[in-house]
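# have a look; sequence and predicted model below, questions after that.
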Amino acid sequence: MGFLKFLWGPVIHKKEESNKKKMLISALGRLQRKVLGLLQISAARVVVYWVFKRGAQIRMDRGTIKGVQPPFIVLGNHTSNFDPALVQYVLAPHPCYFLTSNYYFRLPVAGRILNIFRAIPKIQFYPDIRSTRRVAEAMARGEAVGIFPEGRRSIDGSCCPISDAVARLIKKFNVPVIAVRTSGGYFVWPRWSPFWRSGSVETVATQLLTKEETGRLDVREIHDVICRALAYNDYAWNLAAGEHYGHHRAAENLHLVLHQCPRCLLERTMRSEGTRLYCRKCGNAAVLDGYGFLQPADSESVIFPDPVQWNAWQREKMRGLLRDDHFTIEAKVKDLRVADKYHGKYRRCGYGKIVVNKDGIQFRGSVDGQMRELFFPREILPAISTEFKADFEVCDQTNAWWFFLAEEQQTVRIETALSIMYEQKQI
């Protein structure tokens, strides 16, 4: 027996040392996550106080989620850039790790901050196995993961289409689901606006599904529950709430979303300045009031009272154009950039022209000094990743391509056409 102890003693000792080292590393990792979680919660409180406490207020209801412990998935409607802070604020003391557009991880400062706070990168409108794997790791550690099922911020103040991908993810992990719904966030920082304005919001957190309900319901039923819970229209909400969001440049860049004139019916003619949205062809004009609604500039103006109704009208016009089998949108690409699909910075690589039709997006032009064609089929394009300026991003199997158009209002037309074609395909 002594001989065996002499023979195997060093091996056992090394194993014990290895186990202690693993336990120490694990403990340090847990401590680091707790410290960073507290910092994230504190940062959310600072943002919420800074944005919403200056003459405004945040009304919050989280009574129904008391006692719900992670792991769980948090779903939020996506009205503005401040939504992650609001969700984190309402979930405290539990830190929440958000699925975030992969683009932001490419930015030096933003990418570093997102990695420190363990945000989860996700390529917009494209299958990304990394994000599923990271969500699984968070669930295994007993954490909360935040997802905005619309996949982007609201275009006009109402809910964007929600795919069933999130429902499939929830079914896969079989965990409780919390919904955090914010009203008024679109007025505080509309996605087309270059700046935010002070104003009140209302945030309500509810337990949407228990673990037992997640296990019992199928994917279609879970998807229906999500869509009903997160549906919103901030303009309908503010008709009753009467909250004020005035700013002397409130309408600036609204023409990037509302591009078509309701009076002369011409596309890409709308412009904006100060609180005015006007047509450069016929003079039709609207004034954005302090409550976020559009008022006719004079008795001859033909306008819609809010961007939700205006954008819905534009989409109907686009549906009419799509009935033509030869439908196309052509746009000059003044600058083309490329990067690895997942990592690294973009580099300039060319220029040319894109053609959007019922097959998808086709690019023809110069890429690294050689004439090339790129094709992105409609089937992989539920929408394009864009901030509704002159640029948008799409991915293929290996690369992310960033297109800069010569005419900025073509972006919203392309996005509208692709999203409608994808919806029609799903029906």
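Cool, got the structure.
# all helices for the protein, in order.
Assigned by DSSP state H, the chain shows helices spanning 2-52, 83-91, 102-105, 108-116, 129-140, 165-173, 185-188, 211-216, 219-230, 234-241, 307-322, 410-426.
# from the contact counts, what lies against the second one?
It refers to helix 83-91. helix 2-52, strand 58-61, strand 72-76, strand 96-101, strand 144-147, strand 177-183, strand 201-209 (3 or more Cβ pairs under 8 Å, 6 or more residues apart in numbering; DSSP states H and E). In this view, the C-beta of every residue, glycine as well, is placed from N, C-alpha and C.
# list the buried residues in the last one.
The reference is to strand 201-209. Of all the residues in strand 201-209, those buried under the rule 16 or more other Cβ atoms under 10 Å are Val201, Glu202, Thr203, Val204, Ala205, Gln207, Leu208, Leu209.
# what sits closest to the first one if chain neighbours are left out?
Nearest residue to Val201 in three dimensions, chain neighbours excluded: Gly184, at 4.0 Å (Cβ to Cβ, 6 or more residues apart in numbering).
# hmm, the one you found is touching Ser200, no?
Yes. Counting by Cβ atoms under 8 Å, Gly184 does reach Ser200; the two are 6.1 Å apart.
# give me the more crowded residue out of the two.
It is Gly184, of Gly184 and Ser200, that has more neighbours when counted by other Cβ atoms under 10 Å, with 26 against 19.
# ok, now which ones touch that one?
Gly184 is in contact with Thr79, Gly199, Ser200, Val201, Glu202, Asp234, Trp237, Asn238, Ala241, Glu243, counting by Cβ atoms under 8 Å, 6 or more residues apart in numbering.
# quickly list what the fourth one is bridged to.
I take that to be Val201. Assessed by DSSP bridges, Val201 has beta-bridge partners Ile58.
# can you tell me which residues contact it?
Here Val201 is in contact with Phe52, Ala56, Ile58, Arg59, Leu86, Thr182, Ser183, Gly184, Gly185, Val188 (Cβ under 8 Å, 6+ apart).
# picking up where we left off before, confidence score at the residue nearest to Val201?
Looking at Gly184, its pLDDT reads 95.
# and it, how far from Tyr291?
Separation of Gly184 from Tyr291 (Cβ to Cβ, to the nearest Å): 11 Å.
# just the strands in the stretch 251-400 of the chain please.
Using DSSP state E, counting those that start in this stretch, the strands of the stretch 251-400 of the chain run over residues 270-273, 276-279, 285-288, 294-296, 329-340, 347-357, 360-367, 370-377, 385-386, 391-395, 399-405.
# quick one: mean pLDDT for the fourth one?
Taken as a whole, strand 294-296 has a mean pLDDT of 98.
# the shortest one too?
The average pLDDT within strand 385-386 is 91.
# and the contacts of it?
Ser101, Tyr103, Gln124, Phe125, Arg152, Phe392, Glu393, Val394, Thr411, Glu415.
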